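Asker: okay, predicted coordinates and the sequence, questions at the end:
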Amino acid sequence: MFTRKAATDVSYLACAHKLLQAPSRVFPQFATHNVRTVATIFELAGQHREFEFQKLHGMGDRLYDRIAAVSGMSVPCRVYAPVGSHRDLLPYLVRRLLENGANSSFVHQIGDRRVPLERLVADPVAIVTAAQFAPHPAIPKPRALFGDRVNAAGVDLSDESILARIEEAVDASRLETGRLAPQDRPASSSRVGVVTEPGNRRAAVGAIEEMDEPGLQRAIETAASAAPAWEATPAVERAATLERAADLLEANLDPLLVLCICEAGKTMADAVAEVREAVDYCRYYAERGRREFGEPERLPGPTGECNELSLHGRGVFACISPWNFPLAIFLGQVSAALAAGNAVIAKPAEQTPLIAARAVALLHQAGVPSEVLQFTPGPGETIGARLVGDPRIAGVAFTGSVVAAHSIQRALAARAGPIVPFIAETGGQNAMIVDSTALPEQVVVDVIASAFQSAGQRCSSLRLLCLQQEIAPRVIELLARAMQELRIGDPARRETDVGPVIDAEAKRTLQNHVELLRRTARPILELALPPGCEGGDFFAPCAFEIDPAQIPRNEVFGPILHVIRYPREELGPVLAVISGTGYGLTLGIHTRVSRFAEDVRSHLRVGNTYVNRNMIGAVVGVQPFGGEGLSGTGPKAGGPRYLHRFALERVYTVNTAAAGGNASLLAEIE
């Protein structure tokens, strides 16, 4: 991507030159209506004529007629045109109209007599190499998209060398950790000990020691003793520490990708997104902490009075994170608590402790004192329960199931002493509502990503697809075809779209639900597991058509899609059933009528609504994430008000009009 058209033109010519240098391997086809580009390609080709041009039907006729008429220049020109119904072609034609109508377009400028010939056929290489040439100042580069904070570095997964590097790193790690001997296999998936791959339970990822009761008590006591000093550390220093942690995450990209792939069963794309989100959380909360926890905020008041509002850490926060985002959510909770001036007891999901352990080590390396950040791996039934019941814990941040959240809520309510904050994000029964004006192809692309990426194991994953009956047959047909293209298998391989679910318990729950659907619903497609999946916890994506009354009341956490057809006049009752589930996390809407989108949005109380796009992948600071109802308490993670929930507010009021002993106070304030 380039911020100047001349740079894009140079890139096009560089690609053309590369293609023309390999005539025995490549037959180039150059689609262009630009006279300058055509002339340059002839110059680059020399006497070579094993290529062709392409043009859109109805455009560039005079240009290519002229080429055909000139001796020695004759090169085939393929004429292409979109074929289909008005409904299918309109978006394509509008896109081409916008492209060719752009002010910088050759097609637009050639019809404008005010554009001099010299500018029309200017050499893009000369423009780019001119001394005054610079990136467009109004278009930020990717690393500078967010202004005050640096965007997380991306990875080009279309680059074969990068794909090979990741695969080789995983293979090397697997050789190092080896395979489990029968006596080493853990007794159950709930015991933390030897950690195995979800995609191959015979392969060890590593081992970790579970925290015991005395160790937990020492960790809480140590954190409680260290909390005042950390809270007194200037916010700018705490922020700088988190920014160093973000840099270390990027510097350790490959080892983190290996852990996300092997321990959590994430595909390459999901693993990269996981690390990037973790980096963004560290930098975003560092920036917010620096801004909000620095100088006190002056508040208006009557003449002769000064009022200041300041934010302070609460003490020790317990951060209990899930296995589906074992790095991003883990570090999101921890970095927010640290930025707000709290000490932290970090309790990771028992399925993914190794990723969390690596994250904690990097935070300590970045400068977070070991006393301030305590790592306590172990089962939720023991470690988690003891944490939330301890009176020294001043707040709890939790992401996980509704059942576990209710258990924590009851435990906190039963405690004597101060009432402490509980920040919970608990998943959703997420629906996508599609009306008859929607584009079926776009709908299906977004459904595939929303329902089946990450094996459907995102809090925001699509569970319920509601199709207006006029469009339903076409969408369902395309959906079934698209699902057949999904590749299930080893998440470390570049061709894999869907990896394993997290453990055997999750797999059994999904299998039980599918058994119910087979008896009560109409199958759209059930994919079969390919060879090689026998040793892991794989579950093949599937889709079933159901009636509104069959909408599940509980979240089905995996790659199972429920589809409903509705007549337009019965949309209201369908929305009422969805609302009646009590969840309110994400909502998708596909339509070309803004009034429809607003109507659906007004009927469903959800935290994040997405129109004409997929429903997953909320970006830190751009789409603050979190739900309501059974989907969580708020505030939204990655949003401007998240840190406030980790903090205490204190107001300091001084009567500046008073004389005597308050004179020194007045001098300090002024």
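Answerer: Yep, that arrived.
Asker: could you check how far the helix or strand hosting Leu354 is from the centre of its chain?
Answerer: Leu354 belongs to helix 353-366 when assigned by DSSP states H and E. Counting by Cα atoms, centre = their mean, to the nearest Å, helix 353-366 is centred 21 Å from the centre of its parent chain.
Asker: report all helices and strands that that helix contacts.
Answerer: If you count contacts as 3 or more Cβ pairs under 8 Å, 6 or more residues apart in numbering; DSSP states H and E, helix 353-366 packs onto helix 235-251, helix 253-264, helix 328-339, strand 373-375. The C-beta positions use only the backbone N, C-alpha and C, and glycine is treated the same way.
Asker: would you mind finding the most buried of those?
Answerer: With neighbours taken as mean count of other Cβ atoms under 10 Å, the helices and strands packed on helix 353-366 reach their highest mean count in helix 328-339, at a mean of 29.
Asker: tell me what that helix is packed against?
Answerer: Using 3+ Cβ pairs under 8 Å, 6+ apart, the elements in contact with helix 328-339 are helix 235-251, helix 268-292, strand 316-320, strand 343-347, helix 353-366, strand 393-399.
Asker: contacts for the first one next, please.
Answerer: Contacts to helix 235-251, defined as Cβ atoms under 8 Å, 6 or more residues apart in numbering, come from residues 150, 152-153, 230, 256, 275, 278-279, 282-283, 285-287, 289-290, 292-294, 331, 335, 338-339, 341, 359, 362-363, 365-368.
Asker: circling back to that earlier point, C-alpha coordinates for the helix holding Leu354, PDB please?
Answerer: Once non-C-alpha atoms are left out, helix 353-366 reads as follows in PDB (Å, rounded to 0.1, in the frame of the first residue of the first chain):
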ATOM      1  CA  PRO A 353      -0.300 -21.700  31.500                       C
ATOM      2  CA  LEU A 354       2.900 -21.700  29.400                       C
ATOM      3  CA  ILE A 355       1.900 -18.700  27.300                       C
ATOM      4  CA  ALA A 356       1.000 -16.800  30.400                       C
ATOM      5  CA  ALA A 357       4.200 -17.700  32.100                       C
ATOM      6  CA  ARG A 358       6.200 -16.400  29.100                       C
ATOM      7  CA  ALA A 359       4.200 -13.100  29.200                       C
ATOM      8  CA  VAL A 360       4.900 -12.700  32.900                       C
ATOM      9  CA  ALA A 361       8.600 -13.300  32.300                       C
ATOM     10  CA  LEU A 362       8.600 -10.600  29.700                       C
ATOM     11  CA  LEU A 363       6.800  -8.100  31.900                       C
ATOM     12  CA  HIS A 364       9.400  -8.800  34.700                       C
ATOM     13  CA  GLN A 365      12.200  -8.300  32.100                       C
ATOM     14  CA  ALA A 366      10.600  -5.000  31.100                       C
END
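Asker: mean confidence for stretch 8-16?
Answerer: Mean pLDDT, stretch 8-16: 94.
Asker: who's in contact with Ala343?
Answerer: Taking Cβ under 8 Å, 6+ apart, we find Ala343 in contact with 223-224, 226-227, 230, 313, 315-317, 371-374.
Asker: scratch that, Phe317
Answerer: By Cβ under 8 Å, 6+ apart, the contact list for Phe317 reads 337, 342-345, 393-397, 646.
Asker: so where is the chain shaky, pLDDT-wise?
Answerer: 71-72, 101, 108, 178-192, 659-670 (pLDDT under 70).
Asker: burial count for Arg358?
Answerer: By other Cβ atoms under 10 Å, 19 other residues sit near Arg358.
Asker: tell me the one among the contacts of Ala343 nearest to Glu555.
Answerer: Here the nearest of these to Glu555, counting by Cβ to Cβ, is Phe317; it sits at 26.1 Å.
Asker: quick revisit: relative to helix 268-292, how tilted is the helix holding Leu354?
Answerer: 40 degrees (axes from the mean of the first three to the mean of the last three Cα atoms, to 10 degrees).
Asker: for helix 353-366, buried residues please.
Answerer: 353-360, 362-363, 366 (16 or more other Cβ atoms under 10 Å).
Asker: how about stretch 11-20?
Answerer: Those would be 12-13, 16, 19-20, for stretch 11-20 by 16+ other Cβ under 10 Å.
Asker: and for stretch 643-659?
Answerer: In terms of neighbour count (16+ other Cβ under 10 Å), stretch 643-659 has its buried residues at 643, 645-648, 654, 656.
Asker: the stretch 1-150 of the chain: helices as residue ranges?
Answerer: Counting by DSSP state H, counting those that start in this stretch, the stretch 1-150 of the chain has helices at residues 5-20, 35-45, 61-69, 86-100, 106-110, 117-120, 124-129.
Asker: got JSON lines for the contacts of Phe317, with distance to Ala411 too?
Answerer: Below are the contacts of Phe317 laid out as JSON lines (distance: Cβ to Cβ, whole Å):
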{"residue": "Ala337", "distance to Ala411": "19"}
{"residue": "Asn342", "distance to Ala411": "19"}
{"residue": "Ala343", "distance to Ala411": "20"}
{"residue": "Val344", "distance to Ala411": "19"}
{"residue": "Ile345", "distance to Ala411": "15"}
{"residue": "Ile393", "distance to Ala411": "10"}
{"residue": "Ala394", "distance to Ala411": "15"}
{"residue": "Gly395", "distance to Ala411": "13"}
{"residue": "Val396", "distance to Ala411": "9"}
{"residue": "Ala397", "distance to Ala411": "15"}
{"residue": "Phe646", "distance to Ala411": "19"}
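Asker: tell me the one of those residues nearest Ile560?
Answerer: Using Cβ to Cβ, the contacts of Phe317 come closest to Ile560 at Ala397, 28.9 Å.
Asker: before we move on, the earlier item: let's have the helices and strands packed on helix 353-366 in JSON lines, adding distance to Asp270.
Answerer: Shown next, in JSON lines, are the helices and strands packed on helix 353-366 (distance: least, Cβ to Cβ, whole Å):
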{"stretch": "helix 235-251", "distance to Asp270": "16"}
{"stretch": "helix 253-264", "distance to Asp270": "7"}
{"stretch": "helix 328-339", "distance to Asp270": "10"}
{"stretch": "strand 373-375", "distance to Asp270": "24"}
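Asker: between these, which gets nearest to Leu117?
Answerer: Of all those, helix 235-251 sits nearest to Leu117, with 48.3 Å by Cβ to Cβ.
Asker: Three-state assignment for Leu486, please.
Answerer: Three-state assignment for Leu486 (DSSP: H, G, I helix; E, B strand; the rest coil): coil.
Asker: isn't it up against Asp497?
Answerer: Yes. Applying Cβ atoms under 8 Å as the test, Leu486 and Asp497 come out as touching, 4.7 Å apart.
Asker: who touches both of those two?
Answerer: Here Leu486 and Asp497 share the contacting residues Phe452, scored by Cβ under 8 Å, 6+ apart.
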